[in-house]
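Enquirer: Pasted the sequence and its predicted model underneath.
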Amino acid sequence: MTIETGDKAPDFSLIADNGKPFKLSSKLKGNALLVFYPGDGLPVCKQQLCDYRDGFSKFTDLGVDVIAISSDDSDYIKTFKKENNLPFTLLSDKEGEVAKMYDSFGWFGVKRSVFLVDKNFEIKYKHIESVSIYSRSVEELTEMVKRKA
């Protein structure tokens with residue numbers, strides 16, 4: 001099954017960087033940017049998430065929560081978050097089950113992708129990178145949010 005804009009976003013529960021369960025339907029209060037990325041130790045992933053860290057106030061000013069999801073375990077994402085001073089939630093999708101629900105899992109694991117989900121669970125935007133060395137910038141995403149939200 002392919003997920004498209006306009007579809008209802010699948011709900012899920014994963015372990016967060018604080019070691020506690022994170023259920024999307026319990027945490028979603030407004031718009032959320034679900035950011036799937038291949039792994040915490042990879043240079044492009046670090047660059048992408050640090051870019052989102054540096055532009056975090058632009059997201060919050062637009063009422064958007066950033067939620068980043070990788071297949072790394074919860075201990076590793078906790079360390080990665082602390083080392084890079086990331087102000088948003090990181091989730092562990094160790095088995096790739098949530099990535100699969102969001103068409104963000106391929107031959108090499110989690111694909112780099114971004115989804116904008118509104119408070120009604122409608123997917124307002126979807127972008128899956130064809131090549132994982134690229135990522136959407138803060139500027140691209142905030143302009144998209146202004147158009148879609």
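Expert: Here it is on my side, so go on.

Enquirer: tell me the centre residue of the chain?
Expert: With distances taken as CA atoms, centre = their mean, the chain has Val35 as the residue nearest its mean C-alpha position (1.8 Å).

Enquirer: leaving aside the residues next to it on the chain, what's closest to that residue?
Expert: Closest residue in space to Val35, ignoring its immediate chain neighbours: Ala68 at 4.5 Å, by CB to CB, 6 or more residues apart in numbering. Using the backbone N, CA and C atoms, a C-beta is placed for each residue, glycine as well.

Enquirer: residues in contact with the helix or strand of the chain with the lowest mean pLDDT?
Expert: For the chain, scoring each helix and strand by mean pLDDT, DSSP states H and E identifies strand 109-110 as the least confident one, at a mean of 83. The contact list for strand 109-110, computed with CB atoms under 8 Å, 6 or more residues apart in numbering, reads Phe36, Tyr37, Pro38, Gly39, Ile69, Ser70, Ser71, Asp93, Gly96, Ala99, Ser104.

Enquirer: Pull the distance from it to the chain's centre.
Expert: From the chain centre to the centre of strand 109-110 is a distance of 13 Å (CA atoms, centre = their mean, to the nearest Å).
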